[in-house]
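In: here is the input, now give the coordinates:
(chains A, B, C and D)
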There are 2 protein chains.
Amino acid sequence: MTGVPASRDDLLLRARRLAGRTLGAVADDLAIDLAADTVRTKGKFGALLERVLGATGTGAARDFPEIEVELKTVPIGSRGPLESTYVCHLPLADADRAAWPTSWARAKLACVLWIPIWAEDADWRRRKIGRPLLWAPTPEQDAVLAHDFDEIVGAIGAGHVEGLTARTGRWLQLRPKAAHGGVRTTIRGADGEVVSTVPKGLYLRARFTGAILRDPGACPE
Amino acid sequence: MTGVPASRDDLLLRARRLAGRTLGAVADDLAIDLAADTVRTKGKFGALLERVLGATGTGAARDFPEIEVELKTVPIGSRGPLESTYVCHLPLADADRAAWPTSWARAKLACVLWIPIWAEDADWRRRKIGRPLLWAPTPEQDAVLAHDFDEIVGAIGAGHVEGLTARTGRWLQLRPKAAHGGVRTTIRGADGEVVSTVPKGLYLRARFTGAILRDPGACPE
DNA sequence: TAGGATCCACTGGTGGATCCGT
DNA sequence: ACGGATCCACCAGTGGATCCTA
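Out: From the prediction side, this is the model:
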C-alpha cells in the first residue's frame, strides 16, 4: 500500500480500501498528527489522502504524474458537495493566449480521482471517507467545460475582468484565490487602462461535482 | 541610525559611519548571531549590512526602493576585489525581448552603494568595513554596459546560448546561477531545437568594480 | 585566475481547500 | 446558497554572494 500506484486501476483499488474509514484512523496509520484543531484544517485532508495514496506530484504537476491523475477530495453532506472544488490558478496576464485544449485546467481535469468526505460530523477525526470515483470527462462534458473556459478567458483577454463574477460559467467559475487579502495583480482593461485585481482561480461548481459523483456522465442544469 | 534612510546622502553618511569597524562589532550591535562558522558565510555579510543600513527591499526590488539605491558589498584584498559581483538573474526565455534601457540589470546598476569589505583576514569577525562609494554609471560606462548586455542577450535570443561563456562581455558577464547543481531550464537553440541549460545570472567583473572603487568614472581595459 | 559550481536564508506564489457574511 | 474572502504548508526560485578546481 506504499509507494507510487502502478496504474490507474491500482490507484482506484487503493482508494476503495479507504472507503468507510475515518480520517482520524487514516491519520493514525501514518502516525501523522493533524493536531486536535477542528477548525484550522483547510486543505489538510487533501494533503493527507495524497500521502496515503502515494502521490508524488509537486508544484504545477498533477498529483500522480506517472498515470496522469489528479486527486480531489470533496466534502459532502446528505444533499451533495458542501463546497465548490478548486481546479487551478488562472494567470490573468496570459489569459488572452490561453486556450482550453492546451490549458492547465484541462490537463488537470482530464482524469480525476474524486474522494468524497462525509463532512457532517464537526469533529474531523470522525469524518468518513466515501466511495471513490475515477472520472474522465465525456466529450459532452468536455465541450461544456471548454465553453465556460473560453467565455472566462475571452472576457479577461478583452479587458472585461471587472465584469466577470463567479456567476459566469455553467460548471467552471472564476473566483478570488489569494492567501492574503491584500495581494494584488495588475492587468490591462478594455480601454488599455491598468486594472488592479486580486489573483483568481478556476473552480468547479458544487452542482457539477455533485452530479458526476452520482452519475459520471451527467450534464446537469 | 535605525529606520529607512531619508535620502541618498543620509544613506551615504550612515555607511561612512561603519567604515573602519569590523563585521563582528557590527553584528554584535544588532545582537545578530552569525555563529562562529568561518566558512559557510556566503551572502551573510551583504544581508547584515542591509539590516544595519535599514534596507527594506524584498524580492525583485532594489534594497532601498524609496531612494532607488542598490547595496553591494565587495570583498577586497590589497590588489582589489577578490570576486566578481552578482547583478541579477537573467531569464533566458525572455532574452529576445530584453533591452538594456528597460532592463532589470540597468535599474539595479543605476545607483549603487558599494561597500568594500577587507577580506584578507580568515576570521570574518575581524574583517573591516571599507570606505563606501555611492556610484551611478557615467554615460560612457553606461554605454559599455549596454554593449555588453546587448551582446549577451542578443546571442541568447539568436539561440547561441551554448556559444556564450563567461568570457563574453567587457564588464558584464553571464555565469551559472543556481542553488542546486541539478536545476535546468530549457530554451530554443538557433535551429529551433530545445537546449537544456542551467539558470544564469549577470555579474560585474572584478576588474571593473576594482576600477570604479579607485575612480568612479573609470573605463578600464 | 577566473570560469563554472555551489551554499544559505528567505519569501512569494501555488496547491491544498474551507470559512463566513449577505 | 453561494460568492467573495481567507487559512496553512510547502518549496521552487530569487537574492545574498563565495567556493573550488583545472
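In: near DNA strand D at all, the strand or helix carrying A:F149?
Out: Applying DSSP states H and E as the criterion places A:F149 in helix A:139-157. No: no part of helix A:139-157 sits close enough to DNA strand D to count as contact by Cβ under 7 Å from any atom of the strand; the gap is at least 12.1 Å. (Each C-beta comes from the backbone N, C-alpha and C, glycine too.)
In: what mean pLDDT does that helix get?
Out: Helix A:139-157 carries an average pLDDT of 94.
In: which residues touch that helix?
Out: The contact list for helix A:139-157 (Cβ atoms under 8 Å, 6 or more residues apart in numbering or on different chains) reads A:90, A:92, A:95-96, A:98-101, A:103, A:105-106, A:109, A:137, A:161, A:163-164, A:168-174, A:187, A:202, A:212, A:217, A:219.
In: buried ones in it?
Out: Within helix A:139-157, the residues that count as buried by 16 or more other Cβ atoms under 10 Å in any protein chain shown are A:141-142, A:144-146, A:148-149, A:151-153, A:155-157.
In: export those residues to JSON lines and append columns for distance to B:I115.
Out: Output for those, formatted as JSON lines (distance: Cβ to Cβ, whole Å):
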{"residue": "A:Q141", "distance to B:I115": "62"}
{"residue": "A:D142", "distance to B:I115": "59"}
{"residue": "A:V144", "distance to B:I115": "61"}
{"residue": "A:L145", "distance to B:I115": "56"}
{"residue": "A:A146", "distance to B:I115": "57"}
{"residue": "A:D148", "distance to B:I115": "56"}
{"residue": "A:F149", "distance to B:I115": "52"}
{"residue": "A:E151", "distance to B:I115": "55"}
{"residue": "A:I152", "distance to B:I115": "50"}
{"residue": "A:V153", "distance to B:I115": "48"}
{"residue": "A:A155", "distance to B:I115": "51"}
{"residue": "A:I156", "distance to B:I115": "46"}
{"residue": "A:G157", "distance to B:I115": "47"}
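In: show me which pair in the residues you listed is furthest apart.
Out: A:Q141 and A:G157 (24.0 Å; Cβ to Cβ).
In: got a list of what A:A27 touches?
Out: By Cβ under 8 Å, 6+ apart, the neighbours of A:A27 are A:33-34, A:48, A:125.
In: now do 7 Å
Out: A:34, A:48 (Cβ atoms under 7 Å, 6 or more residues apart in numbering or on different chains).
In: before we move on, the earlier item: ok, of the contacts of helix A:139-157, which come out buried?
Out: A:90, A:92, A:95, A:98, A:100, A:103, A:105-106, A:109, A:137, A:161, A:164, A:169-174, A:187, A:202, A:212.
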